[in-house]
Each structure stands twice: as structure tokens, then as C-alpha cells.
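Enquirer: Prediction below, plus the sequence it came from.
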2 protein chains.
Amino acid sequence: MEKINLAQAFTTFSDYWSPRVAGDINTSQIKLAKFKGMFDWHHHEHEDELFLVVAGTLRIHFRDRDVEIEAGEFIIVPHGVEHCPEALGDKCHVVLLEPNTTLNTGNVTIDRTVHTLSRL
Amino acid sequence: MEKINLAQAFTTFSDYWSPRVAGDINTSQIKLAKFKGMFDWHHHEHEDELFLVVAGTLRIHFRDRDVEIEAGEFIIVPHGVEHCPEALGDKCHVVLLEPNTTLNTGNVTIDRTVHTLSRL
């Protein structure tokens, strides 16, 4: 049971779209991820997903609008809602909070699908 | 489905030890709380609890040691582990992430027990 410093933890990996598990809270997990450019459209059949931005700007595209989330802001995307994350700029560090069953690409399986996440 | 700015959200209430529900992620909830001084020793029988500090310093006393958590740091307290939060200084803003069944005072019922949380 050790505390985690977010800024320090983000220095320990450099790949994009590959969330690291930073902790378990019952059946949920906190994950850290670096985003760059556009991801892919997907939704999660059953899992709601929280995105908390800690550095940079995250634009989440929805079918009817976009939302830009800055450092210190979060949004919860309910299950079933199609979304496509896009990092604006070169640095976008995001804390994810979601059930431990959540796959990063939701209902689609692509090259960037990560089936087994590394831990911090 | 609106984003929440943490700094702004913390301006919307002023009472201490009274978490506000800021969102639901399946069976978990994200809550915002202002802490001041010492809380009370307690544990949660079944629920793990994440404390993410966004302003100030939180000291969590455990039976065998203390951990000080600064802004930008988090810790997960597993269920069953006795703990006593203490805010150091005048300003301690904390994001909590825990199952939606979690009572703030865990296994003890005291004046500061909040049975029905307000929402942001």
C-alpha cells in the first residue's frame, strides 16, 4: 500500500494508447495512459469510463458533438456511447477509471487493442 | 454527459468531511471532499477506497505508520485496513473513488457519518 505520484508515474513509460494499471479499487481499476493523435471510434457495451486529464488537452468526439477536456477536468462516458478520443498537441496524460473488465478499444478489435495490460 | 472542472467544482461547497457525488462509473462513484483537521479511525468492511489529493496535503494514519499524500498523488486503502485521515494545513481537497455503497465513516457511526450524500 504505497502512494503513487502521477507525474512520476507518467515518466515510467512512453508508449501511447497502452494503459498501465496503477491500482485496483474492488472491481474497478485506475489506469494511466498517454494519448497521441486520434484513436478509433468504439463504445463499451457495459462499462462506463472516466477520463481525467492530468496534462495536455483531450478532445473526445461523440457522434453529435466534441468535448475538450483540459488538465484538471474529467468526463464520464456512459456505456453504450460511441466515442473517439483525440489528443491535441504532443502531450496528453490521462487517468482512466473503469471496471477491470474494460478493453481499451471496447467493441472493436484492432491493432491497438490491448488484451493484457501491464501494471505500473 | 458534461465534463467537470475540479477546481471549479470545489468552489461550489464549503463544508468539511461531507463528500459530494460528482459522478457514477458503474457501481463506483467519484466524490469530492474538503477535509480539515483530524477525522476518525474507521475501516470499510468490503470497500477499497482511493484518495487522490488535488490541493493541500493529506496525512493518512495507519496503525503502523503514516503516509502523507500531496497534490497530484493518490493512495488506495484496501478494505479492512483501519485508517484515519488528517488534513494538514487549511486547504485539503480530495477526490475519492470508491464503490457506491461506501459510507464515509465505514464501520463506525458518529456525528460526521453522512448517510445520504449530496450530488454536485
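Expert: Here it is on my side, so go on. Residues are numbered from 1 along each chain as shown, chains lettered A, B, ... in the order given.
Enquirer: for chain A, longest strand please?
Expert: When chain A is scanned for its longest strand (criterion: DSSP state E), the result is strand A:83-99.
Enquirer: Give me the neighbour count for the closest residue to residue A:28 other than its chain neighbours.
Expert: Of all residues not flanking residue A:28 in the chain, residue B:28 sits nearest, at 4.9 Å (CB to CB, 6 or more residues apart in numbering or on different chains). (C-beta placed from N, C-alpha, C; glycine too.) When counting by other CB atoms under 10 Å in any protein chain shown, one arrives at 26 neighbours for residue B:28.
Enquirer: Ok, the one 4 residues further on next?
Expert: Residue B:32 sits with 21 neighbouring residues when counted by other CB under 10 Å.
Enquirer: can you state the direction angle for the helix or strand harbouring it and strand B:83-99?
Expert: Secondary-structure element containing residue B:32, defined by DSSP states H and E: strand B:28-34. Relative orientation of strand B:28-34 and strand B:83-99, computed by axes from the mean of the first three to the mean of the last three CA atoms, to 10 degrees: 140 degrees.
Enquirer: got the contact list for residue A:49?
Expert: Residue A:49 sits next to A:76, A:77, A:79, A:96, A:97, A:98, A:102, B:25 when contact means CB atoms under 8 Å, 6 or more residues apart in numbering or on different chains.
Enquirer: so who does the second one touch?
Expert: Right, residue A:77. Residue A:77 is in contact with A:44, A:48, A:49, A:50, A:51, A:60, A:83, B:1, counting by CB under 8 Å, 6+ apart.
Enquirer: Ok, the fifth one next?
Expert: Taking CB under 8 Å, 6+ apart as the definition of contact, the neighbours of residue A:97 are A:28, A:29, A:30, A:31, A:49, A:50, A:52, B:25, B:28, B:30, B:97.
Enquirer: how much space between residue A:40 and residue A:109?
Expert: 10 Å (CB to CB, to the nearest Å).
Enquirer: Neighbour count: the two, which is higher?
Expert: In this view residue A:40 and residue A:109 are compared by other CB under 10 Å, and residue A:40 has more residues nearby, 15 against 11.
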